[in-house]
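1. model the structure of this input:
(chains A and B, ligands or ions: 4)
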Amino acid sequence: MAWMPSGPPWVPRRARQTPNRRTGEETLADIVFGIWDGQTVHPGKDALWTPKLTPLQDVAEYEPGNPIQAIMGWDGFFVFDPSVDLVDMARAYMEVVQRESCGKCVPCRMGTRVAVDLLTRIADGKGSEEDLHTLRRVACLVRDASMCELGHTGMNGVLYLLEHYEGVFRESIVQGVRHPRRSYHTKVTAPCIEACPERLDIPAYIDTIRSGRYTDSLSIIQEKNPLASVCGRVCVRFCEFACRRGMLDDPVNIKHLKRFVSDVELEAAVKKQAKQVSLSPDAKRVAIIGAGPAGITAAYHLLRKGHRVEIFEAMDEPGGMATYGIPDYRLPRQVLRNEAQVVLEMGGRIHYNQRLGQDFTLKDLRDRGFEAIFLAVGCWVGMRLGIPGEELEPKGYYVGVDFLRHVNRRDPLDMGTKVVVVGGGNVAMDCSRSSLRMGANEVHLVYRRTKAEMPADKVEIHEAEEEGVHFHFLTNPTRLLVEDGRVVGLECIRMELGEPDSSGRRRPVPVEGSEFVIECDMVLPAIGQKMDVRCLGDPPVLKLTRWNTVEVNPDTLQTSMECVFAGGDCVSGPATLIEAMAAGFRVSHSIDQYLRHGRVELTEEERMSRVLRAVSAVDEDMVDRLARGVQRIQIPTRSVQERVDDFEEVEMGLTPEDALLEADRCLRCYRILLVATAK
Amino acid sequence: MAATRRSETKTITVFMDGTRLTAREGQTILDVAREHGIRIPTLCYHEKLKPIGSCRLCIVEVEGSATPVAACTTAVSDGMMVRTHTPELVELRRETLKLIFLKHPMNCPACEINGNCQLQDLAHEYDINHLDLHTYNIRPVEPEPEPYATPLIQYHPRRCILCGRCVQACVEITEVGAINFKGRGALTRIAPVERMGAIKPQCVSCGECMAICPVNALTEALGKKRGKAWETRKVKTTCTYCGCGCQLELNAVGDTVTGVTPTEGGVNRGALCSKGRFGYDFINHPDRLKTPLIRENGTWREANWDEALALVAERLADIRSESGADAIGALASARCTNEENYLFQKFVRGVLGTNNVDHCARL
Ligand code: SF4
Ligand code: SF4
Ligand code: SF4
Ligand code: FES
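-> Numbering: from 1, shown residues only, chains lettered A, B, ... in the order given. Ligands and ions are numbered 1, 2, ... in the order given. Got it, this is the predicted structure:
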């Protein structure tokens, strides 16, 4: 099609390179023109843009053999292939905006409809000069006056196209030819959604809370996440760190909103989910090893997809690390039990006290007729400090995860009165705070870097401080002091921060001769966990990585054995609850595809997410308008005196009034991405 | 109001259209403007509800914000500079109004609330006429074939401007949550909430949604014409259905009662139940009893009050002396006032001498 951009820099298309082989400068030829955030992008424009555009070049092929022709988004567009039909693309984009418009405010509800009609008319070759004028005016209205970010951003792409390629639209009006309709890949998302490993539709469930529809809200969460009230309590909140409200004041309290709806609606909702499943008699059988967050999520989704699921769990309770690694004051046991119940109600089965490698092997499962296996055994072996004294296995020495498991199972413990915990992560926080609750008089925490580098949740650190845990930063243990088979002290050395290491954090180095002793009768190292690879036999039946985790295809989570998939901590190393659940969710697609078609590939959602991430790298996001609503609501906690002696929950939930106010703070940062591909 | 919750009495300064105003922390821009008599047009805002922010007519410019913000949902801050009526704002409001009229029919003469309609007032203020709409010239927005209705309430999707007041009123005033937005984009409409999980919010036909609708998109289902605003007389009275004492206004055209509208204040603070709101048609009903009737030889004849009371007194005295007071039983109506009912039982116990007295309890 012959067209020329009417706006400024137009650079003729260079010879296209074969996709896949893109390196360095050359590849930039692939973007013939683009505009983002008001800045034009074209080959050779300026060196600043080059690194930012690299991710875009990397996704230039949407799927094998299907190059991207153009991308249109919430703040601009990119053209890779000049033969793409921009008029039809604009029309299609506007249709998505109109379809997604929640219909609650006038400009977006009606304005996008006007825009669709005008663009359709122009694309049909029936438009007029005046239509262009009206289109512009309406687009500006929607951008400036809409209630939420969908309207604020939905028109930008079209406005930029009108600015830089007005000629194309005009030509269509003059020539009066109908543009053939094409279909496109589209995605509706938000920064918080993309930050969530499971991609929960966060603005949607917040919006339904705002209108007082708690059941709807919970259903939206449960579309993906069967453990809503668990996540609502202990999730590390990737979403909140990405929340755009944070650019204005503080992020929306997404976690507590989730806890709120799941607490008020739980019973009704669990039953409802259960009723949705019907297993056909010839359903394929899937075995899941481990009833932790990954296993339960996978079971939930596989059951919904109509497969027969049996879980093999080594312990006598569901929940895995969420049960045995998280103390009750953060996550009451009953909450998890209730939610894990959903697997049984949906017709799944859980076999307890079945340990892989001891009670059965992967081969046994195959022989018993399971056609696919999901390995989600987690990381249960706590790392040791590697210092002298440990080898004596003295009384009062427990590896952090073992200690927590004892506490959570109410198993007998050699409890001391003065405890030293080593480490700076959430497990270390859990050990410290649990020790206090188990009757320790004094708890010391030893961490080799500074507070700023502690990986633990800020809220956890704060609450531990409130409860009187003594923090020793820039301190590292060197020797365990033992007398009569019992820990009597921990020798430590002071550290100072040196050069940054590969993680970007400054590496701590010991200060010569600064050793000192903390007297104590209990030491709990919480410096990491690893997977117990013995369960895979010797030699292991699955390929492992050099970190002794299970090796998988990162996209599909398939292991070296075709019918075995793996996910959660045993693949990633110790990570978060929601990442494990996301792996469970991911694996349910893979296994479903594998059982149905014998092969596994990326889902459309994941493909679009890849493109989106590349586009986001260019995006310099900011919130430059005032928003509605109050300041972030403070979550009430039980007072320190009240809480340090028991394992009852520390954080209380939101009241309905506060939940409403908090929900009202969400800006609904929906954004729409459209990708035109050759095929 | 959402934004006032964290309010203290801390005073701050706000500049509005160049005037320096004193405001309290936690107030919205609209609150402050109204307090100082600055008019900002609104449509979805209602004093009784939390601000909704859907109509976008109250948009104002605030220094530091790249785009206008809604005055009804934005809290003021110290030193804030607000402009309420720049030419750009006026233009944006006009465009917004035009978009509303793409669906809302401009046939005001046929509408019962003609002359008493906020939307009509705004169309007048911003000089919108139907010729303006031709520039848009789009496919008509077709509402769904069978719009939402209850036995008492009828929804008119074309008229509805989706301000969301009704949805909010049902949640906030009635605390039921029976209706909500349904659909997306231009096809969005108000619809009953479908069953979710174990919960199905049921409409109780209180009519709060209807009363709060600014554009007559929710009307009484029985097809009565309400009379034009300028010919309607409003008479403030107390609802007679039960002892609560809700305040309401009877709307009358001539001697015909054409509707009930809430009035502010009173124990009910403007809210009514389905009886108080819809149960007024007996007043002008042809079958309504207007004089006492006396049954003679199996047929009823009209009588006057003196005659009727004399007859009742005579018969009561006869029965009591023939068969004793306990042969008499007395039943009063819930539609009498407390005082009347008190007097009635006093009469039955003290004068007739029996405890056989009761009350129909509810209507
Ligand atoms: S304001 Fe709402 S939509 Fe925007 S990022 Fe935060 S939670 Fe997501
Ligand atoms: S029915 Fe009335 S109150 Fe409800 S949204 Fe429509 S216009 Fe607003
Ligand atoms: S009549 Fe009352 S209960 Fe029914 S929808 Fe309207 S406000 Fe809600
Ligand atoms: S009155 Fe503020 S948006 Fe409607």
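2. burial count for the closest residue to ligand 2 within the stretch 251-363 of chain B?
-> Nearest residue of the stretch 251-363 of chain B to ligand 2, counting by CB to the nearest ligand atom: residue B:262, 14.5 Å away. All C-beta spots, glycine's among them, are computed from the backbone N, C-alpha and C. Residue B:262 has 22 neighbours, counted by other CB atoms under 10 Å in any protein chain shown.
3. give me the pLDDT value at the residue lying closest to it once chain neighbours are set aside.
-> Residue nearest to residue B:262 in three dimensions, not counting chain neighbours: residue B:270, with 4.4 Å by CB to CB, 6 or more residues apart in numbering or on different chains. In this model, residue B:270 is scored at 89, pLDDT.
4. can you give me every residue that contacts residue B:270?
-> Contact analysis of residue B:270 by CB atoms under 8 Å, 6 or more residues apart in numbering or on different chains lists B:48, B:262, B:263, B:264.
5. give me the buried subset of the residues you listed.
-> Burial by neighbour count, judged by 16 or more other CB atoms under 10 Å in any protein chain shown, picks out B:48, B:262, B:263 from the contacts of residue B:270.
6. need those residues in JSON lines with secondary structure and pLDDT, can you?
-> Output for the buried ones among the contacts of residue B:270, formatted as JSON lines (DSSP: H, G, I helix; E, B strand; the rest coil; pLDDT from 0 to 100):
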{"residue": "B:48", "secondary structure": "coil", "pLDDT": "91"}
{"residue": "B:262", "secondary structure": "strand", "pLDDT": "87"}
{"residue": "B:263", "secondary structure": "coil", "pLDDT": "88"}
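7. now, which of the residues you listed lie close to ligand 4?
-> By CB under 6 Å from any ligand atom, no member of the buried ones among the contacts of residue B:270 lies near ligand 4.
8. what's near enough to touch the nearest residue to residue A:156 once chain neighbours are set aside?
-> Nearest non-adjacent residue to residue A:156, counting by CB to CB, 6+ apart: residue A:75, 5.1 Å away. Residues in contact with residue A:75 (CB under 8 Å, 6+ apart) are A:36, A:37, A:153, A:156, A:157, A:619.
9. quick one: which of these has the most company?
-> Ranked by neighbour count (other CB under 10 Å), the contacts of residue A:75 have residue A:157 at the top, with 26 neighbours.
10. mind listing what it touches?
-> A:72, A:73, A:74, A:75, A:76, A:77, A:90, A:93, A:674.
11. need the contacts of residue B:270 in JSON lines with distance to ligand 3, can you?
-> Shown next, in JSON lines, are the contacts of residue B:270 (distance: CB to the nearest ligand atom, whole Å):
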{"residue": "B:48", "distance to ligand 3": "12"}
{"residue": "B:262", "distance to ligand 3": "12"}
{"residue": "B:263", "distance to ligand 3": "18"}
{"residue": "B:264", "distance to ligand 3": "18"}
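12. any idea how many residues pack against residue A:309?
-> Around residue A:309 there are 29 residues (other CB under 10 Å).
13. which residues sit against the helix or strand where it lies?
-> For residue A:309, the element it lies in under DSSP states H and E is strand A:308-312. If you take CB under 8 Å, 6+ apart as the criterion, strand A:308-312 is touched by A:279, A:283-291, A:295-296, A:299, A:302-303, A:318, A:343, A:347-351, A:354, A:356, A:359-360, A:365, A:370.
14. out of the buried ones among the contacts of residue B:270, which comes closest to residue B:175?
-> residue B:48 (13.4 Å; CB to CB).
15. what's the local residue count around residue 170?
-> Just so you know, I chose chain A. Residue A:170: 16 neighbours (other CB under 10 Å).
16. think we crossed wires, I meant chain B
-> If you count neighbours by other CB under 10 Å, residue B:170 ends up with 25.
17. identify the residues contacting it.
-> B:176, B:177, B:178, B:179, B:203, B:208, B:209.
18. quick one: secondary structure of it?
-> Using DSSP: H, G, I helix; E, B strand; the rest coil, the structure places residue B:170 in helix.
19. what residue ranges in the chain score low on pLDDT?
-> Let's take chain A. Along chain A, the model assigns pLDDT under 70 to residues A:1-30, A:42-50, A:266-277.
20. I was thinking of chain B, sorry if that wasn't clear
-> B:1-8, B:195-200, B:223-225, B:362-363.
21. and the helices in it?
-> Counting by DSSP state H, chain B has helices at residues B:29-35, B:87-103, B:118-125, B:165-172, B:208-212, B:274-278, B:305-323, B:338-346.
22. on that earlier part again, tell me which of the contacts of residue A:75 is nearest to residue A:498?
-> Of all the contacts of residue A:75, residue A:498 sits closest to residue A:619, with 35.4 Å by CB to CB.
23. and chain B, what are its domains?
-> B:11-85, B:145-223, B:325-363 (automatic domain parsing).
24. can you tell which of these is closest to ligand 2?
-> domain B:145-223 (3.2 Å).
25. the closest one close to ligand 2?
-> Yes. Domain B:145-223 lies within reach of ligand 2 by CB under 6 Å from any ligand atom, at B:160-166, B:190, B:212-213, B:215, B:217-218.
26. buried set for stretch A:478-498?
-> A:478-482, A:487-495.
27. dump those residues to CSV, plus secondary structure and distance to ligand 3.
-> Listed next are the buried residues of stretch A:478-498 as CSV, based on DSSP: H, G, I helix; E, B strand; the rest coil; distance: CB to the nearest ligand atom, whole Å:
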residue, secondary structure, distance to ligand 3
A:478, strand, 70
A:479, strand, 72
A:480, strand, 68
A:481, strand, 71
A:482, strand, 72
A:487, strand, 66
A:488, strand, 71
A:489, strand, 69
A:490, strand, 65
A:491, strand, 71
A:492, strand, 66
A:493, strand, 69
A:494, strand, 68
A:495, strand, 65
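28. adding distance to residue A:470, write the helices of chain B out as a markdown table.
-> As requested, these are arranged in a markdown table below (distance: least, CB to CB, whole Å):
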| stretch | distance to residue A:470 |
| --- | --- |
| helix B:29-35 | 49 |
| helix B:87-103 | 59 |
| helix B:118-125 | 64 |
| helix B:165-172 | 49 |
| helix B:208-212 | 58 |
| helix B:274-278 | 65 |
| helix B:305-323 | 90 |
| helix B:338-346 | 69 |
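29. adding distance to residue A:472, write the buried ones among the contacts of residue B:270 out as CSV.
-> Below are the buried ones among the contacts of residue B:270 laid out as CSV (distance: CB to CB, whole Å):
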residue, distance to residue A:472
B:48, 58
B:262, 67
B:263, 69
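30. just to revisit the earlier point, of the contacts of strand A:308-312, which belong to strands?
-> Within the contacts of strand A:308-312, residues falling in strands by DSSP state E are A:285, A:286, A:287, A:288, A:289, A:349, A:350, A:351.
31. which of those residues ranks first by neighbour count?
-> Busiest of those [other CB under 10 Å] is residue A:288, holding 32 neighbours.
32. returning to what we had before: which pair in the contacts of residue A:75 spans the largest distance?
-> Among those, A:157 and A:619 lie farthest apart (CB to CB), at 12.9 Å.
33. show me just the buried residues among the contacts of strand A:308-312.
-> Applying 16+ other CB under 10 Å to the contacts of strand A:308-312 flags A:283-291, A:295-296, A:299, A:302-303, A:318, A:343, A:348, A:350, A:354, A:356, A:360, A:365, A:370 as buried.
34. in chain A, which residue sits closest to ligand 3?
-> Closest contact between chain A and ligand 3, by CB to the nearest ligand atom, is at residue A:212 (11.9 Å).
35. in the stretch 101-250 of chain B, which spans are strands?
-> Secondary structure of the stretch 101-250 of chain B (DSSP state E, counting those that start in this stretch): strands at B:153-155, B:179-182, B:189-192, B:218-220, B:233-238, B:247-253.
36. JSON lines for the ones you listed, including mean neighbour count and distance to chain A?
-> Below are these laid out as JSON lines (neighbours: other CB atoms under 10 Å in any protein chain shown; distance: least, CB to the nearest CB, whole Å):
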{"stretch": "strand B:153-155", "mean neighbour count": "22", "distance to chain A": "15"}
{"stretch": "strand B:179-182", "mean neighbour count": "20", "distance to chain A": "6"}
{"stretch": "strand B:189-192", "mean neighbour count": "19", "distance to chain A": "8"}
{"stretch": "strand B:218-220", "mean neighbour count": "22", "distance to chain A": "17"}
{"stretch": "strand B:233-238", "mean neighbour count": "13", "distance to chain A": "31"}
{"stretch": "strand B:247-253", "mean neighbour count": "18", "distance to chain A": "27"}
